[in-house]
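**Q** Build me a structure from this.
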Amino acid sequence: MTHYIFKPCQSAAGFVVLPKKSTRLKLEQIKLRLAAAGYSIVDAKVMLVVTDKTRNMEITLYPSGKLLLNSNDEAAARAAAEALYAAAGI
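**A** Now for the predicted structure:
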């Protein structure tokens, strides 16, 4: 994840992943890729709320590429972020 900044969330239990470069994702396309990879997705139009069933973790994906990972386990959060970005083709 050399192209991303991974840090603890300031306002909630979990972690935040931010792209180092400005980006704009097309959530409709990403939603299809993630669904094909087996993720459960709620499309909130301005973000995707994704459930990683393998790690039992909820992840919020924004059009900016930002992720919010609801987990107290840093290693699991990092693994979930890497897997989600890979499945999304980001």
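**Q** what sits up against the longest helix seen in the chain?
**A** Looking across the chain with DSSP state H, the single longest helix is helix 74-88. The contact list for helix 74-88 (C-beta atoms under 8 Å, 6 or more residues apart in numbering) reads 1, 4, 6, 14-15, 17, 25, 30, 33-34, 37, 39, 50, 52, 54-55, 57, 59, 61, 67, 69, 71. No exception for glycine: its C-beta is placed from N, CA and C like everyone else's.
**Q** Dump the C-alpha coordinates for that helix into PDB.
**A** Extracted in PDB, the C-alpha atoms of helix 74-88 (Å, rounded to 0.1, in the frame of the first residue of the first chain):
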ATOM      1  CA  GLU A  74      -4.600  -3.000  12.500                       C
ATOM      2  CA  ALA A  75      -3.200  -6.100  10.700                       C
ATOM      3  CA  ALA A  76      -6.700  -7.200   9.800                       C
ATOM      4  CA  ALA A  77      -7.700  -3.700   8.600                       C
ATOM      5  CA  ARG A  78      -4.600  -3.400   6.400                       C
ATOM      6  CA  ALA A  79      -5.300  -6.800   4.900                       C
ATOM      7  CA  ALA A  80      -8.900  -5.900   4.300                       C
ATOM      8  CA  ALA A  81      -7.900  -2.600   2.600                       C
ATOM      9  CA  GLU A  82      -5.400  -4.300   0.300                       C
ATOM     10  CA  ALA A  83      -8.000  -7.000  -0.600                       C
ATOM     11  CA  LEU A  84     -10.700  -4.400  -1.300                       C
ATOM     12  CA  TYR A  85      -8.500  -2.200  -3.400                       C
ATOM     13  CA  ALA A  86      -7.300  -5.300  -5.400                       C
ATOM     14  CA  ALA A  87     -10.900  -6.600  -5.900                       C
ATOM     15  CA  ALA A  88     -12.000  -3.100  -7.000                       C
END
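**Q** what distance separates it from the centre of its chain?
**A** 7 Å (C-alpha atoms, centre = their mean, to the nearest Å).
**Q** Can you mark which positions in it are buried?
**A** Of all the residues in helix 74-88, those buried under the rule 16 or more other C-beta atoms under 10 Å are A76, A77, R78, A79, A80, A81, A83, L84, Y85, A87, A88.
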